[in-house]
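*Asks:* Fold the following, please.
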Amino acid sequence: MSSATAEAQTVEQVVRSQLSRALGGVRGMLEAAVPTAVFTVLFVTTHQLRTAVIVSVVCTAVLLVVRLVQRSSPQYVLNALVGIGVGALFAYRAARGGGSAGDQALAYFLPGLLYNAGYAVVMTATILVRWPLVGFMVGSVTGDPTAWHEDRAVVRLCSRLTWLLVLPCLLRVVVQGPVYLAGRNGWWDSGTAVAVLGTSKLVMGWPLQVAALAAMVWLLGRNSTPVSPTEAAAIERDLSNS
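*Replies:* Have a look, this model is predicted:
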């Protein structure tokens with residue numbers, strides 16, 4: 001048992017340390033967000049797909065090299081690379097179909113919208129069936145990804161945390177979905193729609209995620225679910241084998 005967990009007096013303290021590992025901390029979140037933000041800014045401002053892809057990939061490669069040199073996990077850098085690749089693929093398909101620069105930019109935003117909508121549906125479903133997604137995030141750093149479900153207090157806490165992750169996804173779909181449809185169907189000029197989507201993607205991307213994580217930190221910082229030393233040790237065995 002680690003000294004930090006041995007001193008834990010609440011479920012929140014035990015889970016908070018494990019959740020921090022699963023999310024990758026501030027550095028992991030930055031690595032996942034920065035390359036995507038670079039791609040979005042360049043694509044929206046220059047309408048040059050190739051330039052945006054090259055610069056964002058170079059940015060990702062630099063972050064990846066730093067990780068490899070430091071012999072630490074490149075997971076979050078690779079996640080960003082996948083996101084850029086999928087968006088670029090949709091944009092290239094629009095270009096091959098004869099779409100304008102505006103059409104290409106709109107196509108780039110479509111995977112993100114679909115991802116947020118699908119993610120929100122899946123996360124909400126996990127809460128409703130009492131297997132909240134955050135619990136699996138915690139379990140992913142252990143040898144047993146489902147052991148956390150045996151403790152009702154942990155399940156309740158993970159449900160609340162999962163709701164905080166659902167909210168940003170729902171807000172993005174509610175705000176960006178109508179803008180995408182307006183540009184796609186000609187209700188708005190595609191250039192205007194792209195500008196609004198690009199701005200909202202940046203504003204509702206990293207800042208909104210930080211706000212959600214800040215709310216998670218606040219919730220975990222309340223330390224309102226006491227556990228006995230015996231229960232803390234049991235949770236430690238389930239959650240701290242990584």
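
*Asks:* For residue 206, grab the count of nearby residues.
*Replies:* Residues near residue 206, counting by other Cβ atoms under 10 Å, number 17. No exception for glycine: its C-beta is placed from N, CA and C like everyone else's.

*Asks:* Who are the contact partners of it?
*Replies:* 29, 33, 37 (Cβ atoms under 8 Å, 6 or more residues apart in numbering).

*Asks:* Rank these by pLDDT and give me only the lowest.
*Replies:* Checking pLDDT across the contacts of residue 206, the minimum falls on residue 29 at 71.

*Asks:* What is the burial count for that one?
*Replies:* 16.

*Asks:* re earlier: out of the contacts of residue 206, flag the one nearest to residue 99.
*Replies:* Among the contacts of residue 206, residue 37 lies closest to residue 99 (Cβ to Cβ), at 23.7 Å.

*Asks:* about what we covered before: as CSV, the contacts of residue 206 with distance to residue 169 would be great.
*Replies:* As requested, those are arranged in CSV below (distance: Cβ to Cβ, whole Å):
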residue, distance to residue 169
29, 16
33, 15
37, 18
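
*Asks:* What is the nearest of those residues to residue 100?
*Replies:* The closest of those, once distances to residue 100 are taken by Cβ to Cβ, is residue 37, at 23.9 Å.

*Asks:* Touching, that closest one and residue 202? I think so.
*Replies:* Yes - here residue 37 lies in contact with residue 202, judged by Cβ atoms under 8 Å, at a distance of 6.2 Å.
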